[in-house]
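Trainee: This is a predicted model, with the sequence first.
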There are 2 protein chains.
Amino acid sequence: MYRDPVQSLEPLPSRNAAPHALRVGMIGIGTVGSGTFRVLARNQAEIAGRAGRPIEVVMVAARNLARAAAVVGGNVPLTHDPMRVATHPNVDVVVEVAGGTGPARDWVLAAIAHGKHVVTANKALLAVHGAEIFAAARQHGVAVAYEGAVAVSIPIVKALREGLTANRIEWVAGIINGTTNFILSKMRDEGLDFGAALAQAQALGYAEADPAFDVEGIDAGHKLTLLAANAFGTPVRFDDVQVEGITALQRLDVACAEQLGYRIKLLGVARRREEGVELRVQPALVPAAHLMAHVNGSMNGVMIKGDAAGVTMYYGAGAGSEQTASAVIADLVDVARLAGTSAAQRVPHLGFHAHAMNTLPVVSRADVCSCHYLRVPVHAASGIEAVAGWAAGRQLPVRQVTLAVGQAGSGPQVLVLTQPVRQAEMELALNALQAHPAVAGAITALRVEELA
Amino acid sequence: MYRDPVQSLEPLPSRNAAPHALRVGMIGIGTVGSGTFRVLARNQAEIAGRAGRPIEVVMVAARNLARAAAVVGGNVPLTHDPMRVATHPNVDVVVEVAGGTGPARDWVLAAIAHGKHVVTANKALLAVHGAEIFAAARQHGVAVAYEGAVAVSIPIVKALREGLTANRIEWVAGIINGTTNFILSKMRDEGLDFGAALAQAQALGYAEADPAFDVEGIDAGHKLTLLAANAFGTPVRFDDVQVEGITALQRLDVACAEQLGYRIKLLGVARRREEGVELRVQPALVPAAHLMAHVNGSMNGVMIKGDAAGVTMYYGAGAGSEQTASAVIADLVDVARLAGTSAAQRVPHLGFHAHAMNTLPVVSRADVCSCHYLRVPVHAASGIEAVAGWAAGRQLPVRQVTLAVGQAGSGPQVLVLTQPVRQAEMELALNALQAHPAVAGAITALRVEELA
């Protein structure tokens, strides 16, 4: 059924590939890996017709060899040891779809050091170790491709890195985590609270048993890091992203946002300002009539504003076996064209050549300036006057002050939409309002993104 | 102010370009050309940082040299003669943005014959002469790039040709003409008839004085030709596209579609069937909740269904000076990377290498099978029974038969939504219904596209 690693001592045999084939070594054959293998097999004629040469999997590293053999059949040598794939002389390109940031870093660096191109869908790896990995790849003259790391079915890295090269990118805003978008859609459509919507997401396989990575915004932060780097020519730096998840979001705010003509989405926003770039992942209100408000369920959507193209938008599945395979294989087709090319003939890893990269300062949270939504629980409807007075007294630029309607059982709520206000000023003002005797509970504040 | 063509006899001087610069010769400096020049100048540092080398316009051919000089300044040599740009030894790449299909074909073929890459936004040229032009480019080892020919601000050619290479494409459906989408949006939002909406489009510059090219669907047909070729690996063949415009569309149908939960869009559809491909441009009903129904005004949207990626969607401006420049310059950045590469290292013109191209049969109009919307004027509301009886009698698969509401002054109308029916059968059935004594006027039939 499969070659046992004990039987297949050095040298590990590789599958006999067609002449001129791009020889792929896979590390990981789980959901994404098996999808990649399946699509490569099913569409092999079409893919070779596009790539100009066959693309063949010549060996696979997997934890569970029996399960791996069930996917790839008996002709593909298997090993428990990813390092053997990463360093094997018969491998042209390593597909890393095992995930994680520790061992995966070692495998990827080993593959690069052995002169192999790397294709990965591992956003955490690149968001955290990208600078080191891309530098190593430059040094060894190989490519590290990662279309599958962001909004998998959508060729968004290619759009940003190659399609919009004429533009000075002003901002990128994305719904780039399907799990949280599914949960938010459920909260809105069915009036569920966060916990119940999460439970549904878990039951349907849209969320992991430990959902923290998704619902805390970390996964979206990883992806935003990669988008921002390609947008602005800055290095990847996940630590600089301001990340806020949706665990504290209340269904009352979903309903109140709706009343004001907005929907709440977990948005990753990278925006160029005079003083630097904003990098943040936050639940935010977007206009209900806006295309991004119609990105529902587990789908992803990314909007990019360039100074020449204007606003363009990209939509598709953000997860899934073959959806991710679509991105991984597109990268393989690109890699199939790289043989014999030099750095000048290739697309740089982060869109810009090294000399043109630019470590822009990141705007601190206190300095981020945006419109805000506030929900202020008050003791009585007349509390709206206190809130209006507070805004006037602090010269807070306000667009709308209104009472929530139809939220029986929650007590009266004053809703406020502000004009752009610096976060630091907003927080000072909110502290003052929170202490006002008309206020009956904790104020909720969320950002509003008009995406215009 | 500018070099007069009489003064600048052979050899036409070219602007001194930076070492290693990609030297661009432009043919045409109108709306698109001037936008290209402007964006190249404004974002030159960023563009060079991405391309790895400067991109410089070294000469320009224009009809009106004074106007051209006002755009490009005194340092760029000008000529009346596009052939001098197309064949000049100091030009690496020719940007053809003059338009038209006659002389433009000659200029492009001359540039190719002189070993120059070509970038063009001319969809008509490529839809009609693409086979000849791409063959010549292959023969001479140069690239012909045309991102600006379809949905300009959206890198849709790149998405389809490079981003979705893993996929067997099942269908592409696009709102790819901004003029007609503007008109249809006006008809819906303001209840205008076609003529009034067209007049508004003309007044605002969204439609030409002679709007036939747009409103008859020809422009969308040209673009669909290019999308279909890249989707299926078929040659470009505009003559095979079934083209229908929106000039006959009545506002009553826009309103009745709305009642049924649909909006009418001019859709270009390329769909793979067992028996071949459908290639058609038609006004069609799309579900109001669908993302494509929210592509409004002069914006474009393209949806692609691949077997691995599933449905992805792309949205952005479909016209405009700098919006088109965004695409033209992205092509120039790609071309900047081609120096010294071979065909195997490049993306094929239509996505597939020549040996993998495939002249699929085109499904005839009679054999196209789709859902239909019918509006049947009847003498009285009771006519609905006659229509229902007609459908039952002909075993026509019907989803819904209902009366139009709120269309005062138009007389009673029966609305029908069918399941998929072959066009030939539909027409036979419609002929029979048209002759029914309960029917009071001409029946309107439109396709329904669920885009699922």
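Mentor: Good, I have the coordinates.
Trainee: residues touching the residue nearest to A:Leu204 when sequence neighbours are not counted, list them.
Mentor: Spatial nearest neighbour of A:Leu204, chain neighbours left out: A:Phe182 (7.9 Å); criterion: CB to CB, 6 or more residues apart in numbering or on different chains. The C-beta positions use only the backbone N, C-alpha and C, and glycine is treated the same way. Residues in contact with A:Phe182 (CB atoms under 8 Å, 6 or more residues apart in numbering or on different chains) are A:Ala197, A:Ala201, A:Leu204, A:Tyr206, A:Ala207, A:Gly297, A:Ser298.
Trainee: residues near the third one, how many?
Mentor: Residues contacting A:Leu204 under the criterion other CB atoms under 10 Å in any protein chain shown number 11.
Trainee: likewise the first one?
Mentor: Using other CB under 10 Å, A:Ala197 is surrounded by 26 other residues.
Trainee: The fourth one now?
Mentor: The number of residues packed around A:Tyr206, counting by other CB under 10 Å, is 21.
Trainee: Against chain B, how distant is it?
Mentor: A:Tyr206 is 15 Å from chain B, where distance means CB to the nearest CB, to the nearest Å.
Trainee: can you check A:Cys369 too?
Mentor: 24 Å.
Trainee: hey, what's that residue bridged with?
Mentor: A:Arg422 (DSSP bridges).
Trainee: need the contact list for A:His114.
Mentor: Counting by CB under 8 Å, 6+ apart, A:His114 makes contact with A:Ala86, A:Thr87.
Trainee: Let's see that with 6 Å instead.
Mentor: Applying CB atoms under 6 Å, 6 or more residues apart in numbering or on different chains to A:His114 gives the contacts A:Thr87.
Trainee: what does A:Ala317 give?
Mentor: Shown in contact with A:Ala317 (CB under 6 Å, 6+ apart): A:Ser153, A:Gln323, B:Gly310.
Trainee: What's the local residue count around the residue lying closest to A:Arg337 once chain neighbours are set aside?
Mentor: The spatial neighbour of A:Arg337 that comes closest, neighbours along the chain excluded (CB to CB, 6+ apart), is B:Gln345 at 5.1 Å. If you count neighbours by other CB under 10 Å, B:Gln345 ends up with 18.
Trainee: Just confirm the residue nearest to A:Leu204 is within a strand.
Mentor: No - assessed with DSSP: H, G, I helix; E, B strand; the rest coil, A:Phe182 is helix; it does not lie in a strand.
Trainee: Relative to B:Tyr314, how far out is it?
Mentor: According to CB to CB, to the nearest Å, A:Phe182 stands 22 Å off from B:Tyr314.
Trainee: cool, A:Val401 as well?
Mentor: Remark: distance between A:Val401 and B:Tyr314 (CB to CB) = 39 Å.
Trainee: Which residue of those two possesses the greater neighbour count?
Mentor: More crowded of A:Val401 and B:Tyr314, by other CB under 10 Å: B:Tyr314, with 27 against 19.
Trainee: Need phi/psi at that one.
Mentor: phi -130, psi 130 (degrees, to the nearest 10).
Trainee: cool, and A:Val378?
Mentor: phi -130, psi 160.
Trainee: Who are the contact partners of A:His294?
Mentor: So A:His294 contacts B:Leu291, B:His294 (CB under 6 Å, 6+ apart).
Trainee: Show me what counts as buried in stretch A:436-451.
Mentor: Buried residues in stretch A:436-451, counted by 16 or more other CB atoms under 10 Å in any protein chain shown: A:His436, A:Ala438, A:Val439, A:Ile443, A:Thr444, A:Ala445, A:Leu446, A:Arg447, A:Val448, A:Glu449, A:Leu451.
Trainee: now the fifth one, which residues is it bridged with?
Mentor: Applying DSSP bridges to A:Thr444 yields these beta-bridge partners: A:Arg375.
Trainee: how about the residues of the stretch 1-150 of chain A near chain B?
Mentor: Applying CB under 6 Å from any CB of the partner chain, we find that the stretch 1-150 of chain A lies next to chain B at A:Val39, A:Asn43, A:Glu46, A:Gly49, A:Arg50, A:Gly52.
Trainee: thinking the last one is in contact with B:Ala354, fair?
Mentor: Same thing as A:Gly52. No - applying CB atoms under 6 Å, one finds A:Gly52 not in contact with B:Ala354, separated by 10.0 Å.
Trainee: These two: which has the busier surroundings?
Mentor: More neighbours surround A:Gly52 than the other of A:Gly52 and B:Ala354, with 21 against 13 (other CB under 10 Å).
Trainee: Tell me which residues touch that one, please.
Mentor: A:Gly52 sits next to B:Ala344, B:His353 when contact means CB under 6 Å, 6+ apart.
Trainee: Would you mind measuring from it to A:Arg23?
Mentor: Separation of A:Gly52 from A:Arg23 (CB to CB): 15 Å.
Trainee: A:Met292 now?
Mentor: From A:Met292 to A:Arg23 the distance is 41 Å (CB to CB).
Trainee: Check A:Pro283 too.
Mentor: Using CB to CB, one obtains 45 Å as the distance from A:Pro283 to A:Arg23.
Trainee: Fine by me, thanks again.
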